[in-house]
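Participant: What follows is a predicted protein model with its sequence.
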Amino acid sequence: MKMRKIAIIGAGNGGQSAAFELARKGFAIHLCDIDENVVQGIREVGGIHASGKMEGFARISLLTTNVKEAVEEAEAILPMVPRYAHRSIANQLATCLKEGQHLLLCPGSTGGEIEFAKIFRENGNNQPVSTVATLPYACRIREPGKVSISLISKMLLFASFPGKKTAEEAHYFQNLFPAISSVTDGLEVGLNNGNPVTHPTPTLLNAARIERGEAFLFYREGVTPSVARINQKLDEERMALCRALGFREIPLTERLFLTGYADQVYQTPLQAYHTSEAFAPILAPKSLQDRYLFEDVPYGLVTFTTLGECLGVPTPTMRLIVGLANEVTGVDFWQEGMTLSRLGLERLDCQGLLDFMQEGRSPLVEWSD
């Protein structure tokens, strides 16, 4: 019997973990990464060894640096790359994606499914694009082909673009990831991406320690009461955006419990960060040139603030953190980041945005027709 093929684009922490799990479920995995050294490292050990919440070894059917080769005959394609790599991956897939192939951004961060759809439409492709709010795992690569998995997520908020395709696509992807739980649309998924609330503030306020090369536990040692208070303010602004769009408001502490990162709904983020066993072993970034800033600020907080402008929702703390990130890194994230304008959605009001996310078309969005 011919094995069903799944293509995973990106052999980072999440990509190697998913490759292991799905290979153990009986799929033939095509694993692709831009870094030949990573691909060769996995090839040399013959597959992926996992430890922690999943244990064992899984062989990988195809290892490659070529996206077109990876997706050939794959029934599903899972880009598992940082948000800033989405544009490049989308442009490559636009030339080789075939009708009927399922696509899941894992995760889509904030607005990833919209950017993919925009690039696809501009290339004459009308495939639906699905997204989840977080990786299915808390995991870290020890070396190529060896991954440690400290948590398997209990809930993966899921939606497709257009939203009217969500039920159909969820039915398929739940066979891969049973934790998938459908929500209204990709905006609701993106607003429940916890990374922009969680990562930038501790990174910026521990900048001296990081630049000195100090090794410390990011959550247990890098998050203090004052740092956690800022994260709480960010989360309140995020929930105000959810409220304005009519989405369920899930506080940071509740989401950590629902996804499995905490064993209960703690009273404060600080308690959750310091108690979570999944967070416990995670070290701080080794450099400020890290996705905690270069993904979560321009593709998270910047997107949230421009959404706030559209909805008339103030986001002063988000703006403060973006401004601080600009000064610390020397990068203008307001110019570099993913705004509604860059997605072509600047002419939509609140209801127009919600309608567009469901239908995938609007006379006010040039690329959608």
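Facilitator: Now that the structure is in, tell me what you want to look at.

Participant: Give me the buried positions along the longest helix along the chain.
Facilitator: For the chain, the helix with the greatest residue count under DSSP state H is helix 225-245. For helix 225-245, burial by neighbour count (16 or more other Cβ atoms under 10 Å) applies to 227-228, 230-235, 237-242, 245. The way it works is simple: take the backbone N, C-alpha and C, and place the C-beta from them, glycine included.

Participant: residues making contact with that helix?
Facilitator: 187-188, 191-192, 196-198, 201-202, 205, 223, 248-252, 268-270, 273, 301, 304, 307-308, 311-318, 321, 350, 353-354 (Cβ atoms under 8 Å, 6 or more residues apart in numbering).

Participant: mean confidence for it?
Facilitator: Mean per-residue pLDDT for helix 225-245: 97.

Participant: export it as CSV, just CAs?
Facilitator: Extracted in CSV, the C-alpha atoms of helix 225-245 (Å, rounded to 0.1, in the frame of the first residue of the first chain):
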residue,chain,number,x,y,z
PRO,A,225,7.1,41.0,38.6
SER,A,226,7.7,44.2,36.7
VAL,A,227,8.3,42.4,33.4
ALA,A,228,5.2,40.3,33.9
ARG,A,229,3.1,43.5,34.6
ILE,A,230,4.0,44.8,31.2
ASN,A,231,3.1,41.5,29.6
GLN,A,232,-0.3,41.7,31.4
LYS,A,233,-0.9,45.2,29.9
LEU,A,234,0.0,43.9,26.4
ASP,A,235,-2.5,41.0,26.9
GLU,A,236,-5.3,43.4,28.0
GLU,A,237,-4.8,45.4,24.8
ARG,A,238,-4.8,42.2,22.8
MET,A,239,-8.1,41.1,24.4
ALA,A,240,-9.6,44.6,23.6
LEU,A,241,-8.9,43.9,19.9
CYS,A,242,-10.7,40.5,20.3
ARG,A,243,-13.6,42.2,22.0
ALA,A,244,-13.9,44.8,19.2
LEU,A,245,-14.1,42.0,16.6
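
Participant: quick check, distance from that helix to the centre of its chain.
Facilitator: Its chain's average C-alpha position is 19 Å from that of helix 225-245, according to Cα atoms, centre = their mean, to the nearest Å.

Participant: Leu258 should be in a helix, yeah?
Facilitator: Yes. Leu258 forms part of a helix when assessed by DSSP: H, G, I helix; E, B strand; the rest coil.

Participant: Need the pLDDT of it.
Facilitator: For Leu258, pLDDT reads 94.

Participant: measure the closest residue to Thr268 other than its chain neighbours to Lys68 for me?
Facilitator: Nearest non-adjacent residue to Thr268, counting by Cβ to Cβ, 6 or more residues apart in numbering: Ala228, 6.5 Å away. Computed with Cβ to Cβ, to the nearest Å, the distance linking Ala228 and Lys68 is 45 Å.

Participant: where along the stretch 101-250 of the chain do the helices fall?
Facilitator: 112-122, 166-173, 186-191, 195-198, 200-205, 207-211, 225-245 (DSSP state H, counting those that start in this stretch).

Participant: Could you list every helix and strand that the second one packs against?
Facilitator: Counting contacts by 3 or more Cβ pairs under 8 Å, 6 or more residues apart in numbering; DSSP states H and E, the secondary-structure elements packed against helix 166-173 are strand 102-105, strand 129-132, strand 156-161, strand 180-182.

Participant: Please repeat the previous calculation with a cut-off of 10 Å.
Facilitator: If you count contacts as 3 or more Cβ pairs under 10 Å, 6 or more residues apart in numbering; DSSP states H and E, helix 166-173 packs onto strand 76-79, strand 102-105, strand 129-132, strand 156-161, strand 180-182.

Participant: could you dump those strands to CSV with mean neighbour count, distance to Ser341 and mean pLDDT?
Facilitator: Putting the helices and strands packed on helix 166-173 into CSV (neighbours: other Cβ atoms under 10 Å; distance: least, Cβ to Cβ, whole Å; pLDDT from 0 to 100) gives the following:
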stretch, mean neighbour count, distance to Ser341, mean pLDDT
strand 76-79, 26, 24, 97
strand 102-105, 25, 21, 97
strand 129-132, 29, 20, 97
strand 156-161, 28, 18, 97
strand 180-182, 20, 29, 97
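
Participant: Out of those, which gets nearest to Arg361?
Facilitator: strand 156-161 (11.0 Å; Cβ to Cβ).

Participant: Just send the helices and strands packed on helix 166-173 back as TSV, with distance to Pro363 too.
Facilitator: Shown next, in TSV, are those (distance: least, Cβ to Cβ, whole Å):
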stretch	distance to Pro363
strand 76-79	30
strand 102-105	26
strand 129-132	21
strand 156-161	18
strand 180-182	28
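
Participant: Which among the ones you listed is found nearest to Ile42?
Facilitator: Comparing the helices and strands packed on helix 166-173 by Cβ to Cβ, strand 76-79 comes nearest, at 16.3 Å.

Participant: which intervals of the chain have sub-threshold pLDDT?
Facilitator: Where the chain drops to pLDDT under 70, the residues are 1.

Participant: okay, now the domains of it?
Facilitator: What automatic domain parsing lists as the domains of the chain is 5-190, 195-361.

Participant: ranking these by burial, who's on top?
Facilitator: domain 5-190 (a mean of 20; mean count of other Cβ atoms under 10 Å).

Participant: circling back: with the buried residues of helix 225-245 in mind, which one is nearest to Lys164?
Facilitator: For the buried residues of helix 225-245, the nearest to Lys164 is Leu245 (17.3 Å; Cβ to Cβ).

Participant: now for the buried residues of helix 225-245, which pair is the farthest apart?
Facilitator: The widest separation within these (Cβ to Cβ) is 28.0 Å, between Val227 and Leu245.

Participant: Tell me how far the most centrally placed residue in the chain lies from Phe216.
Facilitator: Compute the mean C-alpha point of the chain, and by Cα atoms, centre = their mean the closest residue is Pro107, 3.0 Å away. For Pro107, the distance to Phe216 equals 26 Å [Cβ to Cβ].
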